Structure formats: structure tokens, C-alpha cells
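Asks: Provided below are the primary sequence and the corresponding predicted coordinates.
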Amino acid sequence: KIIGTDPQTDLAVVKIEGENLIPAKMGDSDEMKPGQWAIAVGNPFGLTSTVSLGVISAIGRSGVGIAQYENFIQTDAAINPGNSGGPLLNIKGEVIGINTAIFTRTGGYQGIGFAIPVNMAKSVLRDLIEKGKVTRGWLGVVIQNLDPSLAKQFDVDVTEGVLISDVQDDSPAKEAGFERGDIVIEYNGRKIADINELRNKVAQTEVGKKTKVKVLRGSKEKTLTVKIGEQPADLFATGPFPGGKDLGMTVQDLTEELAGSLGYEGESGVVVSAIEQGSPAAETDIKEGDLIKEVNREKIVNVKGFKQALRKSEKGKDVLLLIRRGMHTRFVIIKSE
């Protein structure tokens, strides 16, 4: 019986009726480091209870284009079609991840597999069991990665961090005193390297919890205390692509303040706030900050309308978007394959 699903992390809770079932022991995925042993269990190509051995190749992998929230464990333990949903174990036999995907050009094992960290999975599954839905933390900021050219413009001597390009009205961040141009370098005592890391940590923070965030404002460090809010259901949306694929981009409503900062006063549509590497959207000229005005020649007013327009797209057909960037408007085609 399916208890609940969470497409944003590609996880589900399934209840199994049975007797004398012994659950696997849960490990701590935060303790895993590259080079440690990893054991994958699953049914590759229908071969039940197959065990393969490898190592942790990397942790914190994102930009893979599999899910909205990505923080994967990468392993070279043999993972093939049929392994998805099976456990990734440490050398003690404890579950440290849930096998989810492979990177391959042949359809089979090529030494790169991905697993959802069990610590990330536990928070999602707990919400699904207790509430029937996943509750995620929310700051209420528009963010982008800090690259060397931006660091130079803001006159900061850092190469990692997340730049706040806008703060939404009536948001937890606004109330806490965040400002456009702040650079987030620490969240809850942990250093922040990029957008995916900050987004994952905020999403996993308990709603209502007061959290310390360290930012660079000009040349000075400042610590802000923010009471984490609940992420609105329609605030962000990754559009489902015809045939079940993802466009691979995140959009948000065009607020009055955002329109003013981006020069879109008097316009309607949704703003592109993130693009996943390797996704269909990444293969086009679409960039963060672009305004999507139409989907398949249907006018878009908000995120809800954007999602509805994409659902109408026919399977196997390309998606036509009308994009505005600065003073220029043009059509962009996202290929179905």
C-alpha cells in the first residue's frame, strides 16, 4: 500500500503487510566520506538479492537532474536497472542511502551510481507517514551561485557562497533583516558552497525553528537569526515535461518587488530562478532571471498557470516558450528528446 510520495526527492513510503519482518538498521549518512566501503543491494535485471561492493566516490552530488532536491551519495558499487529503491549499506550493514539512479551512456553499469542519503530520506518519510505530505522550510529569497566575476563586483574575497538577488515581501528572510546583495556563507553553523547546499539545508529545517545564518554584507560578516517558515505549495515549481521528463528549471511568481528589480514592471509571467545541469532547459539559451511569458502560445500569469500549461503539452512534442530577457523578447524551443 502506498502511504505517500514526494516527487521532489523521488521518494515514496510503501506499507508491506507481513509477519516476522526484520527491518534493516539505519546508519548515519552524514558520517560517510569518499573512499569508505559501500554495498549495494537490489534486483538488477530481475536477479533478486544481488549484492555488489564498491566505495563512496563522492558526497553531496547535485545538478544531476534527477530530482528537485539533490544531495546524492555517488558510488562505484555496481548499480543497474532494477537496483532503484534498494539500500546502499556501509561496512557495518547499516543503511546509508537509497539507490536511485546511474550515469550511463549504454543503459548499464559504468561505475557511477547515485543514492539518496538516508538522513535526507528519513525526514521526508517521517513527514509522509505523520502528515501525508512533506513540509519544507522556507526563507523567501531569490538566490544565485557566487562566481569569481560576481565576487569581484561585490568586492568580497570568497569563492564559495550564495548571493541573494532578491528578498520577498512578508517572508521570514525579510523579517530577519536579509538584504539584496547579502552573500550567505554559513547556515546553522555549516559552511555553504552553492545554491543546492543552501536549498537542501533550508528545506530540511523544521518549520518554526530559529536558525542562525552568517552573511557577508559588503566586507563585514553579519549573523542573522531567522525563524524558518513553511514553503508555500506553489511558490516553486519544476515543470513536468511531456512523457514524464522534467524541464529541469525552477520558476517563481513575478512579484511587484521582483519585477522592479529585474525591469519587468507591467509584465506577467514566471521568473526562472534555477536551471539544472544536463536538463532539457540547460540545452537551450534560457538563463536565470528570464521571464517566461507564454507556454505553447498560452499566456502565463503565475506558477500555477505555468504548471497547468505544461500538463497540456502532448507527449513527445517540443515545448515552445516565449521568453523576455531585459528589453528583448524571443521564442525558445525545449526539445522533447
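Replies: Alright, I've got the coordinates.
Asks: Which stretches in the stretch 51-200 of the chain count as strands?
Replies: Across the stretch 51-200 of the chain, reading from the start of the chain, the strands by DSSP state E, counting those that start in this stretch fall at 72-75, 87-89, 95-102, 113-117, 137-138, 141-145, 162-167, 183-187, 190-191.
Asks: Just send the ones you listed back as a markdown table, with mean neighbour count too.
Replies: The way it works is simple: take the backbone N, C-alpha and C, and place the C-beta from them, glycine included. Rendered in a markdown table, the data for those read as follows (neighbours: other C-beta atoms under 10 Å):
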| stretch | mean neighbour count |
| --- | --- |
| strand 72-75 | 26 |
| strand 87-89 | 25 |
| strand 95-102 | 24 |
| strand 113-117 | 26 |
| strand 137-138 | 21 |
| strand 141-145 | 21 |
| strand 162-167 | 22 |
| strand 183-187 | 21 |
| strand 190-191 | 12 |
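Asks: out of those, nearest to residue 279?
Replies: Within the strands of the stretch 51-200 of the chain, the stretch nearest residue 279 is strand 95-102; the backing value is 13.8 Å (C-beta to C-beta).
Asks: returning to that earlier point: with respect to residue 274, which of the strands of the stretch 51-200 of the chain lies nearest?
Replies: Counting by C-beta to C-beta, residue 274 lies closest to strand 141-145 out of the strands of the stretch 51-200 of the chain; the figure is 8.2 Å.
Asks: In space, not sequence, find me the middle residue of this protein.
Replies: Here the mean C-alpha position of the chain is nearest to the C-alpha of residue 69 (C-alpha atoms, centre = their mean), at a distance of 2.6 Å.
Asks: show me the contacts for that residue.
Replies: For residue 69, the contacting residues are 8, 9, 120, 199, 200, 203, by C-beta atoms under 8 Å, 6 or more residues apart in numbering.
Asks: Check the secondary structure at residue 5 for me.
Replies: The assignment at residue 5 comes out as strand when based on DSSP: H, G, I helix; E, B strand; the rest coil.
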